[in-house]
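Trainee: coordinates only, no sequence provided:
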């Protein structure tokens, strides 16, 4: 029997949001993160902000 | 053109110092960059275009330095010291965000503002040294984590931790010094 998807808190979600910018998450981590983002608008904002930061740094010095 | 290129030296040196541990190495790559810029400069419409082009040369010179030098002394020991920082203040006891993140709105609107980049640079400069260096290797030099580990001797686990902390720190710094200030002033 597959393990039911464990809930994660915002702290863990932020860790996964950051790591997915640098590497692939495993399927269980992906599902936990997706489940959390579906119910947490704050973490959706943080996800957008991490992406905006990446874009901003790439334009630094231009 | 020669004077305009020379005026870029302090900003180039600041960027190089962040990436290379030794002042002498930073000065070397900046000198090589200025020389290449002087040799290659033709016509530029403005200072901004010249700066962008010169920083692009610097980026390549730093990457060349990494490729031709042996791995620098491992900086993993420094990571241990910086890991004392727990970021506990960002979360409540249940692991949820202690303060609601602001809506940053349209990123393009923000990125069109020159002053935003001054705040961003200040926030990057304020990161703990190893965090800032690894973060800029990843996001500015666009190296993958495997290359960063090879160049610095930092373990993959520590690399992910440092990148995560740097992103959280920068997010907080930008929110406080750019978005909150603008909301308060509105």
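Mentor: Arrived safely. From a predicted model like this one, the values you see are computed outputs, not experimental measurements.

Trainee: outline the domain layout of chain B.
Mentor: As given by automatic domain parsing, the domain ranges for chain B are B:2-68, B:76-185.

Trainee: give me the helices and strands touching whichever strand or helix holds residue B:35, please.
Mentor: Assigned by DSSP states H and E, residue B:35 belongs to helix B:23-40. Helices and strands touching helix B:23-40, by 3 or more Cβ pairs under 8 Å, 6 or more residues apart in numbering or on different chains; DSSP states H and E, are helix B:2-6, helix B:9-19, helix B:47-68. All C-beta atoms are positioned from the backbone trio N, CA, C, and that covers glycine.

Trainee: and the second one, what does it pack onto?
Mentor: Applying 3+ Cβ pairs under 8 Å, 6+ apart, we find helix B:9-19 packed against helix B:23-40, helix B:47-68, helix B:114-125, helix B:129-139.

Trainee: buried stuff in stretch A:18-26?
Mentor: By neighbour count with 16 or more other Cβ atoms under 10 Å in any protein chain shown, stretch A:18-26 contains the buried residues A:18-19, A:21-22.

Trainee: tell me if it is near chain B.
Mentor: Yes - with Cβ under 8 Å from any Cβ of the partner chain as the criterion, chain B is reached by stretch A:18-26 at A:18-19, A:21-23.

Trainee: what's the pLDDT at the one residue sitting closest to the centre of chain A?
Mentor: Using Cα atoms, centre = their mean, the residue of chain A that lies closest to the mean C-alpha position is residue A:17, 2.1 Å off. For residue A:17, the model assigns a pLDDT of 98.

Trainee: number of nearby residues for the residue in chain A that chain B sits nearest to?
Mentor: Across chain A, the shortest distance to chain B (Cβ to the nearest Cβ) belongs to residue A:9, at 3.0 Å. If you count neighbours by other Cβ atoms under 10 Å in any protein chain shown, residue A:9 ends up with 16.

Trainee: pretty sure it sits against residue B:94.
Mentor: Yes - judged on Cβ atoms under 8 Å, residue A:9 makes contact with residue B:94 at a distance of 6.4 Å.

Trainee: ok so, going back, quick one: the helices and strands packed on helix B:9-19 as JSON lines, columns for mean pLDDT too.
Mentor: Shown next, in JSON lines, are the helices and strands packed on helix B:9-19 (pLDDT from 0 to 100):
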{"stretch": "helix B:23-40", "mean pLDDT": "91"}
{"stretch": "helix B:47-68", "mean pLDDT": "84"}
{"stretch": "helix B:114-125", "mean pLDDT": "91"}
{"stretch": "helix B:129-139", "mean pLDDT": "90"}
